[in-house]
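Engineer: Turn this into a structure:
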Amino acid sequence: MHLTKNNLNILLSLTADALKAQSNEHLFENQGAAFEPLLVDALALVIEQQCINNVIQVELVSGHRFPDIVIHTHCEKLGIEVKTSKSQGWSTLGGSIFESTRVKDVECIYLFFANFSNPNEIQYRYKPIEACISDVVITHKPRYAINLDVEQSFFDKANISYKQLQQAKNPFGLIRQYMKNKAGANAELWWISDDESADFDVKQLGPQAIRHFSSLNKIEKEHLVIELYALFPEVLSSSTQKYEKLALYLVAKKGIVHTSLRDTFSAGGKFAFDSDELPKYFKRILEKQSLSQIRQAILGIAPELIEEYWEVDNIDNRIKIWLEKVSQQIQSNDKLSCNIKPKLINRITIGIEHH
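Structural biologist: Numbering: from 1, shown residues only. Model (predicted):
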């Protein structure tokens, strides 16, 4: 077998099998950058076992270079960018769109993703890098968003190719146009300069566009409300300030202005539950389908957001923590009768744990 860009996926499949044959405990102790040498060793082992005789060297460049691993063959250089995660799902942030640290002459790059969310069953997936770039996001610079489950890559949505963006004299000009088209005519892209010759320099963190809640479609609104129930259990409290953090989160993290946030949760006043009347903001959270969606949202929200808005350091058992916070809010809600509180907590607990 000769290794080329056309069969690199075969090598990665065999390498994933070689990793699965190793001790999960050992692998789990070597996450992040520490996983990269293990992957290099597994690659080298498979190359030797398969008698791939055109490979000269498997080089770990890592650090601030892109990609992390370069496979030198007699004819070309093949690249592997390595990502690991302890969270469920297959999404993460990638590198800068400018790729200023790209290793020279490496054209074919695969992303190799190791997911450590289950210590007893570490999972591996791999794809050509351009096929799993789902979008471009802005932190301190434009970066690729990685998602191995994406059905339509960023390049498909933007109608440009990965190579075209690499070779462009002003790559951010292409990104700027994509962002404007994506946000829509009524969005305010406050972070984008209209001057094509201006240097790109973003010093702030924040959303790329500001929109009004009313401009979202029905599905977007429903997903957002589910996310708010997941991230802000205080919506179940009787506090008059319970929507303040939600409103700031929507603007700062989502770029959404909502002038009637209270109505989204409590419009219509009350509803009947077990011979009692409850505030309307309990109605959705008591629905079986909603609880299933809230569970998925809790497990999928970025760890840093969970830590920030729940004010916790250890999020190993997110569902348990969320239930504890929900229970606290219900117990302290002076709009509820004492006999209804345990019934509410029980209904929510059963619904979220038996999704």
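Engineer: For Leu78, see how far away Trp266 is.
Structural biologist: Let me fix one detail, which is that residue 266 is Ser and not Trp. With distances defined as Cβ to Cβ, to the nearest Å, the gap from Ser266 to Leu78 amounts to 57 Å. C-beta here means a position set from N, CA and C on the backbone, and glycine is covered the same way.
Engineer: Please compare these two by neighbour count and tell me which comes out ahead.
Structural biologist: A side-by-side neighbour count of Ser266 and Leu78, using other Cβ atoms under 10 Å, places Leu78 first with 23 against 16.
Engineer: Grab the nearest non-local neighbour of the more buried one.
Structural biologist: Here the nearest residue to Leu78 in space, its sequence neighbours aside, is Ile71; by Cβ to Cβ, 6 or more residues apart in numbering that works out to 4.4 Å.
Engineer: So the one you found lies in a strand, does it not?
Structural biologist: Yes - when classified by DSSP: H, G, I helix; E, B strand; the rest coil, Ile71 is found to be part of a strand.
Engineer: Please look at it and Leu60 and confirm they touch.
Structural biologist: No - the pair formed by Ile71 and Leu60 falls short of the contact definition of Cβ atoms under 8 Å, at 10.7 Å.
Engineer: who's more crowded, the two?
Structural biologist: Taking Ile71 and Leu60 together and counting by other Cβ under 10 Å, Ile71 has the greater number of neighbours (26 against 17).
Engineer: Tell me what that one is bridged to.
Structural biologist: Bridge pairing for Ile71 (DSSP bridges) gives the partners Val58, Leu78.
Engineer: Could you pull out the helices in the chain for me?
Structural biologist: Using DSSP state H, the helices of the chain run over 8-20, 24-28, 35-49, 154-158, 162-167, 171-183, 218-231, 244-249, 261-266, 288-300, 303-310, 318-331, 341-353.
Engineer: Any chance of TSV for those helices, columns distance to Asp135 and mean pLDDT?
Structural biologist: What follows is those, written out as TSV (distance: least, Cβ to Cβ, whole Å; pLDDT from 0 to 100):
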stretch	distance to Asp135	mean pLDDT
helix 8-20	24	97
helix 24-28	30	94
helix 35-49	25	97
helix 154-158	5	94
helix 162-167	13	92
helix 171-183	9	83
helix 218-231	15	94
helix 244-249	20	91
helix 261-266	26	88
helix 288-300	16	92
helix 303-310	18	88
helix 318-331	25	95
helix 341-353	30	92
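Engineer: Give me the distance between Leu261 and Ser237.
Structural biologist: Separation of Leu261 from Ser237 (Cβ to Cβ): 15 Å.
Engineer: How is the protein divided into domains?
Structural biologist: Domain assignment of the chain by automatic domain parsing yields the ranges 8-152, 211-353.
Engineer: Just send those back as CSV, with distance to Arg176 too.
Structural biologist: What follows is those, written out as CSV (distance: least, Cβ to Cβ, whole Å):
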stretch, distance to Arg176
domain 8-152, 9
domain 211-353, 16
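Engineer: For Leu174, find the nearest of those domains.
Structural biologist: Checking the domains of the chain against Leu174 by Cβ to Cβ gives domain 8-152 as the closest, at 9.0 Å.
Engineer: Start and end of that closest one, how far apart?
Structural biologist: 22 Å (Cα to Cα, to the nearest Å).
Engineer: before we move on, what about stretch 10-30?
Structural biologist: One end of stretch 10-30 sits 24 Å from the other (Cα to Cα).
Engineer: mind listing what's buried in that stretch?
Structural biologist: The neighbour-count check on stretch 10-30 (16 or more other Cβ atoms under 10 Å) flags 11-12, 14-16, 18-19, 27, 30 as buried.
Engineer: Equivalent analysis for stretch 306-317, please.
Structural biologist: Taking 16+ other Cβ under 10 Å as the neighbour-count basis, stretch 306-317 is seen to contain the buried residues 306, 309-310, 315.
Engineer: List of residues touching that stretch?
Structural biologist: Applying Cβ atoms under 8 Å, 6 or more residues apart in numbering, the set of residues contacting stretch 306-317 from outside is 231-232, 245, 249, 298, 303, 318, 321-322, 325.
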